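Student: my questions concern the predicted model and sequence given below.
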Amino acid sequence: MSKTVTPRTPKGFRDFLPDTMLRRNFVLDAITDEFHRFGFEPIGTPILERHETLFGKYGEDAEQLIFTAQHGRSTREPLAMRYDLTVPLARVVGQYENHLSFPFKRYHIAPVFRGERPQRGRYREFWQCDADIVGVAGMSADAEIVSLMQHILSRLGFPQFVIKINHRKLLVAIGDFSGVPKEQLPDLYRSVDKFDKIGAEGVRRELTERGIAADAVSRMIDLIQAKVAGTGSLDLIVDAIGADEDNGVDELRELAALLAEAKVPPACYDFDFTMARGLGYYTGPIFETVISEPNLGSITGGGRYDNLIGMFRRQSLPTTGTSFGIERIIDLMDELNLYPGHLGGTLVQVLVTVFSQDTRAASMRIADGLRQAGVNTELYLPSRKLGRQFQYADKKGIPLVAIAGPNEVEAGTVKLRRLADGKEVATTLSGAVDAAKQLLALTP
RNA sequence: GUGGGCGUAGCUCAAUGGCAGAGCACCUGAUUGUGGUUCAGGCGGUUGAGGGUUCGAGCCCCUUCGUCCACCCCA
């Protein structure tokens, strides 16, 4: 007998047992359905990409987190595991543009891999859930993305969320106006992005330490804190730095107008100049959603990246989109208890018990009838006494138990018992499906 | 990658350096046609691993692995 291996997953990789998987699927199904309603269509891409596809897209720091993958006998084609779904999209667009019609609205739900140190809400394998629009330069596309986010988050039942909106060009203009050198803009984004976490003074300290002049930092911090309802803060910024066609403010105004037309509730979004997003490739409006109560960081992130596709194509295509952080969304839904009551630990609706070998055939007929009527039905398989079969149903959370013992078989009936309240009805075999559906529908 | 907390039964955790325990879970019975309550009994351990100090280590020291948290970065 060989020694058993300690069963465990690699660091940062997780298994999902059925009750967890049911909740994950509930969230993904809701999101997918909303994607469809907005006319987005799915794509799939391989988990492994060619090394050259991924490297050189995310910046040096991020590149160190990319998993590489190699097969022992084929070293001629260096491979890497996808780090997000955006670069694969850019590759697909470059590779299949003749087969696509633009605007190309695609969604993509799949696992991605990052070799980070795991933490709460942060794993080495996690699912991303992206919707992007390729080929539309105007704000109509960005407005649709924001509207999509609002619909999905509302549908999932989040009582209050705020989609923060900013603009990369505006951050550049503010930096410029304050006197922050262009080559330090990435530092600026990184620090400003921590505004929520470390506050104005924290950002000031970081930027000063990075060698940006103190007066430039002060001017900048004053500007980004502009906070007036609606587009009011845009006016404040323009008052301060002056009007400029290329500072993104006009686009944000247009976006606000489109969001109003799309009937996105004003309480759901907010112009926030302290939100920057770390990724380097954004070129236009940027989005991020936060939930204030249990603070787990952002649950969506996205924006416009008009140049990325140019990495895989002679000429780039304007693109905007968003990514839903479903790992965090699921954690939050657990905490806020946002799942519907019918979503228990099992999807089995009826357990058909088997009283004895002699009545097995009758139980199988009942199970078959329920299954044909679309009821999720489990036929009890081991031979154990009735009490154990009830115990099994109760422990697993199966709402209904069907009993067909000798008495019922003799009379040509079946008993249905609802475990939650003990309500029990006896029906004919042909009436079992309706009776079961009724008991399930009126579950107390 | 940097810094810190924690590793004891399947799970949650006890145990002055001195006999490794409890609750829950699981199994059996009370109860051979009815679960979730109750009662009785039972199973369950190389104290993460390796080394050291000691008459004696779950406890102290070192190493290592795992895990959680804060950074870095990000969803």
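Tutor: Alright, I've got the coordinates.
Student: next, count neighbours for A:E378.
Tutor: Neighbour count of A:E378, defined by other C-beta atoms under 10 Å: 19. Placement of C-beta: from N, CA and C, glycine included.
Student: list the contacts of A:K11.
Tutor: Taking C-beta atoms under 8 Å, 6 or more residues apart in numbering, we find A:K11 in contact with A:118, A:124.
Student: that one and RNA strand B, how far apart?
Tutor: Distance of A:K11 to RNA strand B, computed by C-beta to the nearest atom of the strand, to the nearest Å: 4 Å.
Student: now do the SS call for that residue.
Tutor: Following DSSP: H, G, I helix; E, B strand; the rest coil, the label given to A:K11 is coil.
Student: pLDDT value on it, please?
Tutor: pLDDT recorded at A:K11 is 87.
Student: burial measure for the residue in the stretch 51-200 of chain A that RNA strand B sits nearest to, as a count.
Tutor: Proximity of the stretch 51-200 of chain A to RNA strand B (C-beta to the nearest atom of the strand) peaks at A:R120, 2.6 Å away. A:R120: 10 surrounding residues under other C-beta under 10 Å.
Student: distance of it from A:E335?
Tutor: 11 Å (C-beta to C-beta, to the nearest Å).
Student: surely A:F177 and A:I224 touch.
Tutor: No: counting by C-beta atoms under 8 Å, A:F177 stays clear of A:I224, with 11.2 Å between them.
Student: so between those two, which is more surrounded?
Tutor: Taking neighbours as other C-beta under 10 Å, A:F177 and A:I224 compare with A:I224 leading, 26 against 18.
Student: looking at this, A:N98 is in a helix?
Tutor: Yes: assessed with three-state DSSP, A:N98 lies in a helix.
Student: what count of nearby residues applies to it?
Tutor: Neighbour count for A:N98, taken as other C-beta under 10 Å: 5.
Student: got it, and A:V87?
Tutor: So A:V87, with other C-beta under 10 Å, has 24 neighbours.
Student: for the one 5 residues further on, same thing?
Tutor: When neighbours are counted by other C-beta under 10 Å, A:V92 registers 21.
Student: what do you get for A:T346?
Tutor: 18.
Student: would it count as being in a helix?
Tutor: No: going by three-state DSSP, the assignment for A:T346 is coil, not a helix.
Student: which residues does it contact?
Tutor: Contacts of A:T346 by C-beta under 8 Å, 6+ apart are A:18-19, A:22, A:396-398.
Student: mind running it again at 7 Å?
Tutor: Residues near A:T346 by C-beta atoms under 7 Å, 6 or more residues apart in numbering: A:396-398.
Student: identify the residue nearest A:A200 in space, chain neighbours excluded?
Tutor: Distances taken as C-beta to C-beta, 6 or more residues apart in numbering place A:I221 nearest to A:A200, at 5.4 Å, with adjacent residues excluded.
Student: beta partners for the closest residue to A:F113 other than its chain neighbours?
Tutor: Excluding the flanking residues, the one nearest A:F113 by C-beta to C-beta, 6+ apart is A:M81, at 4.2 Å. Beta bridges link A:M81 to A:L48, judged by DSSP bridges.
Student: and the next helix or strand past the strand or helix carrying A:R190?
Tutor: When elements are assigned from DSSP states H and E, A:R190 belongs to helix A:185-192. Downstream of helix A:185-192, the first helix or strand assigned by DSSP H and E is helix A:195-209.
Student: unless I'm mixing things up, A:D394 is touching A:L419, no?
Tutor: Yes: using C-beta atoms under 7 Å, A:D394 makes contact with A:L419 at a distance of 5.7 Å.
Student: tell me which of the two has more neighbours.
Tutor: Each of A:D394 and A:L419 has its neighbours counted (other C-beta under 10 Å); A:L419 has more, 16 against 13.
Student: contacting residues around A:K57?
Tutor: Applying C-beta under 7 Å, 6+ apart, we find A:K57 in contact with A:87, A:311.
Student: just to be sure, it is in a helix?
Tutor: No: per three-state DSSP, A:K57 lies outside any helix segment and is coil.
Student: got the residues of the stretch 201-350 of chain A near RNA strand B?
Tutor: Applying C-beta under 7 Å from any atom of the strand, we find that the stretch 201-350 of chain A lies next to RNA strand B at A:277-279, A:297-301, A:323, A:325, A:327-328.
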